[in-house]
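[1] Take a look and give me a structure for this.
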Amino acid sequence: MESQPAETKKSKHEDVCPKCGAQVRVGVVRCWNCKHFMKEEIATAYDRMISQPRPTIYSDPNYSEDGDFELSDDSSFLASDADFAPADGKSAAPGTKIDSASEAYGVAQAAAASTDQITPEAKSADSASAQPGDQSSEEVAHSVATGGEALWEIAKQETEKKPSSGRRKPARKARPGFLFVFCPHGHRVEVQEKHRGRIGACPKCKAPFTVPFKKVEAPTGSEEGEERNSDASAQLLRHFPAMHLHLVEPTKLKIKPNSLAKAFEEVEICLGKDGLAMVSIAKKGMRGPKPDQLRKELIEHLENDLKLKNVPGELKHLFDVEELQQMATVHPTAYSHESIFGGVNVFGPGLIAVRLPGREAGKLEFLAMTLSVFRRFREQLKEQCGHELKFEADLIPLEETTTPALCHYTDKPIRYLGNIVLYENDPEFQLELVGWKCQACGLTLSEDGRKKENIGGKNAKAIAKAKCPKCSNAFGRNPLYALKQEESPKKPEDE
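    Okay, the predicted model is just below:
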């Protein structure tokens, strides 16, 4: 005798499964436990659907939706030359036009499908039964068999009429009588040619900018051109590109070598009768003018002898002639206790530091430069602004002076430069090794004499520990340098 499921009390939100007696939520079709249908009418309908499935309907393989499709005479086809390239060797019947790219693509697919379904025997029969004067057969052959070829032919014709120029549109050129100028924030402004040399304001950010002058070149070989070129070169002498500007807070200064070597900002220094201008040409924004373009405009501004307050770029400050009297050379200095840096080269090896007039309380500004730049800066500062910059003549040579000596072995005279660290770190000077000096007794050897006696090895790598021939102490590594002499080209011998 089979066990019957225990009677379970019904609740408001639950039903009892008639087969297993499990509690099932109201509205559920099948029991979660035994998968039995909760209602008999649903179970009866399900059994009837399984026992009598619907018949499968198959389409006619010879049926084609495009059999009666005809193209209108006023249709046209537009295609993008940049996205579509026709293949070679395709052809189509003349006079064929397609309404759009989507319809043309559908015609091509239908043609390909119809062509694949036709057997070789049917193809031969159609070609044999087709007559030259039968117009209907020609239309069917074109719309079905050559729809894809028509697409290629139309695209090829469009390509020949309008060659592809790439996806990117060309940059818009300035109108006649106008030019494009970039403001300091990178906005492009179209300005009339007659406004060259004047100051304008950007319509977007209201930042001031200067419209550059047009550079006029004189004919080659004329006296006027030579005079103008000499004036331009004189204007370039008072322009100092990519100068290192160091902003120093004395309370945060670390007195150790090279502590400020990387803490600088690159600025353009321009000298004129109205003072000294510090200009920044750093690129701002993705579409701003490049530094090289701004520097070119800055040079053109100086060539036209315009006022420094209107220079292109970002004018950081303009020191007048009276303020420049406060400038002074602070490194190198003869007395280290008189310097804020204590004689330590914090700006980097071989650099000369000049203090600028103070602009902010509690902060000092310095320009660091090489020896050749310092010479030109001091000369132009005196010529343009009338200020003679003081310096230590023993530590900063304004012209090349050499010290004479004799080689211990060959008695050959040699001449070497002093303050060699200034020359070694200046790319304007080319040096050559001429000798060595003992650190203990000051004995000098020429480079040829050292090689001859093999002091310190072939390449002088061991000369620091080599024995001095005079005092018998360690020779040390103290090379002597002189300016490299340019070799004059040899004249060819007469045959």
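
[2] so what secondary structure elements neighbour the longest strand along the chain?
    Longest strand of the chain, by residue count under DSSP state E: strand 239-248. With contacts defined as 3 or more Cβ pairs under 8 Å, 6 or more residues apart in numbering; DSSP states H and E, the packing partners of strand 239-248 are strand 265-272, helix 291-303, strand 364-369, helix 371-385. For the C-beta atoms, the positions are set from N, CA and C on the backbone; glycine is no exception.

[3] Make CSV from the ones you listed and add mean pLDDT and distance to Ser280 to it.
    What follows is the helices and strands packed on strand 239-248, written out as CSV (pLDDT from 0 to 100; distance: least, Cβ to Cβ, whole Å):
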stretch, mean pLDDT, distance to Ser280
strand 265-272, 93, 6
helix 291-303, 88, 9
strand 364-369, 94, 14
helix 371-385, 93, 19
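
[4] Mind putting those into JSON lines with distance to Gly476?
    Rendered in JSON lines, the data for the helices and strands packed on strand 239-248 read as follows (distance: least, Cβ to Cβ, whole Å):
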{"stretch": "strand 265-272", "distance to Gly476": "38"}
{"stretch": "helix 291-303", "distance to Gly476": "45"}
{"stretch": "strand 364-369", "distance to Gly476": "30"}
{"stretch": "helix 371-385", "distance to Gly476": "25"}
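
[5] Where do the helices of the stretch 301-450 of the chain begin and end?
    In the stretch 301-450 of the chain, the segments counted as helices under DSSP state H, counting those that start in this stretch are 371-385, 420-424, 447-453.

[6] nearest to Asp305, of these?
    Comparison of those against Asp305 by Cβ to Cβ identifies helix 371-385 as nearest, at 11.3 Å.

[7] tell me the angle of the closest one relative to strand 239-248?
    Helix 371-385 and strand 239-248 are oriented at 100 degrees to each other (axes from the mean of the first three to the mean of the last three Cα atoms, to 10 degrees).

[8] Buried ones in helix 371-385, by neighbour count?
    For helix 371-385, the buried set under the neighbour-count rule, 16 or more other Cβ atoms under 10 Å, comprises 371, 373-375, 377-378, 380-381, 384-385.

[9] what ranges of the protein fall below the confidence cut-off?
    Along the chain, the parts satisfying pLDDT under 70 run over 1-11, 56-150, 152, 159-171, 213-235, 284-288, 486-495.

[10] if we can go back for a sec, can I get the buried residues of helix 371-385 in a markdown table including distance to Lys156?
    Compiled in a markdown table, the buried residues of helix 371-385 are given as follows (distance: Cβ to Cβ, whole Å):
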| residue | distance to Lys156 |
| --- | --- |
| Leu371 | 69 |
| Val373 | 64 |
| Phe374 | 70 |
| Arg375 | 70 |
| Phe377 | 68 |
| Arg378 | 72 |
| Gln380 | 67 |
| Leu381 | 71 |
| Gln384 | 69 |
| Cys385 | 72 |
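
[11] of those, closest to Leu151?
    Of these, the one sitting nearest to Leu151 (Cβ to Cβ) turns out to be Val373, at 69.0 Å.

[12] Leaving out the residues flanking it, which one is nearest to the closest one?
    The shortest distance from Val373 to any residue that is not its chain neighbour, by Cβ to Cβ, 6 or more residues apart in numbering, is 6.5 Å, and that residue is Phe240.

[13] Please apply the same query to Val354.
    If you skip the residues right next to it in sequence, Val354 has Leu367 as its closest partner in space, 4.8 Å away by Cβ to Cβ, 6+ apart.

[14] Return the residues in contact with that neighbour.
    Residues counted as contacts of Leu367 (Cβ atoms under 8 Å, 6 or more residues apart in numbering) are 243-246, 269, 353-354, 356.

[15] out of those residues, which is most surrounded?
    Of all the contacts of Leu367, the highest neighbour tally under other Cβ atoms under 10 Å goes to Ala353, namely 25 neighbours.

[16] What's the separation between the residue nearest to that one when sequence neighbours are not counted and Leu367?
    Residue nearest to Ala353 in three dimensions, not counting chain neighbours: His331, with 4.0 Å by Cβ to Cβ, 6+ apart. His331 sits 11 Å away from Leu367, going by Cβ to Cβ, to the nearest Å.

[17] Next: Glu338.
    When Glu338 is compared with Leu367 (using Cβ to Cβ), they lie 20 Å apart.

[18] now do Lys307
    Following Cβ to Cβ, the distance that separates Lys307 from Leu367 is 22 Å.

[19] Same question for Ala263.
    14 Å.

[20] Show me the common contact partners of the two, please.
    Once Cβ under 8 Å, 6+ apart is applied, the residues that Ala263 and Leu367 both contact turn out to be His246.

[21] what number of residues lie near Thr329?
    With neighbours defined by other Cβ under 10 Å, the count for Thr329 comes to 18.

[22] wait, Val344
    The burial metric for Val344, expressed as a neighbour count using other Cβ under 10 Å, is 15.

[23] got the contact list for it?
    Applying Cβ under 8 Å, 6+ apart to Val344 gives the contacts 255-257, 336.

[24] And these, which is closest to Phe37?
    The nearest one, if we look at the contacts of Val344 relative to Phe37 and count by Cβ to Cβ, is Lys256, at 89.8 Å.

[25] where's the closest one relative to Ile340, distance?
    14 Å.

[26] which one of these two has more residues nearby?
    Per other Cβ under 10 Å, whichever of Lys256 and Ile340 has more neighbours is Ile340, with 15 against 11.

[27] Gln325 against His387, yeah?
    Yes - Gln325 sits in contact with His387 when judged by Cβ atoms under 8 Å, with a separation of 5.8 Å.

[28] higher neighbour count, those two?
    Using other Cβ under 10 Å as the criterion, Gln325 and His387 rank with His387 on top: 17 against 14.

[29] Does the more buried one touch Glu322 like I think?
    No - under the criterion of Cβ under 8 Å, His387 lies out of contact with Glu322, with a separation of 9.5 Å.

[30] now the helices for the stretch 151-300 of the chain?
    Under DSSP H, counting those that start in this stretch, the stretch 151-300 of the chain gives helices at 223-237, 291-303.

[31] show me where the stretch 351-495 of the chain has strands.
    Secondary structure of the stretch 351-495 of the chain (DSSP state E, counting those that start in this stretch): strands located at 352-355, 364-369, 402-406, 413-417, 431-437, 444-446, 479-483.
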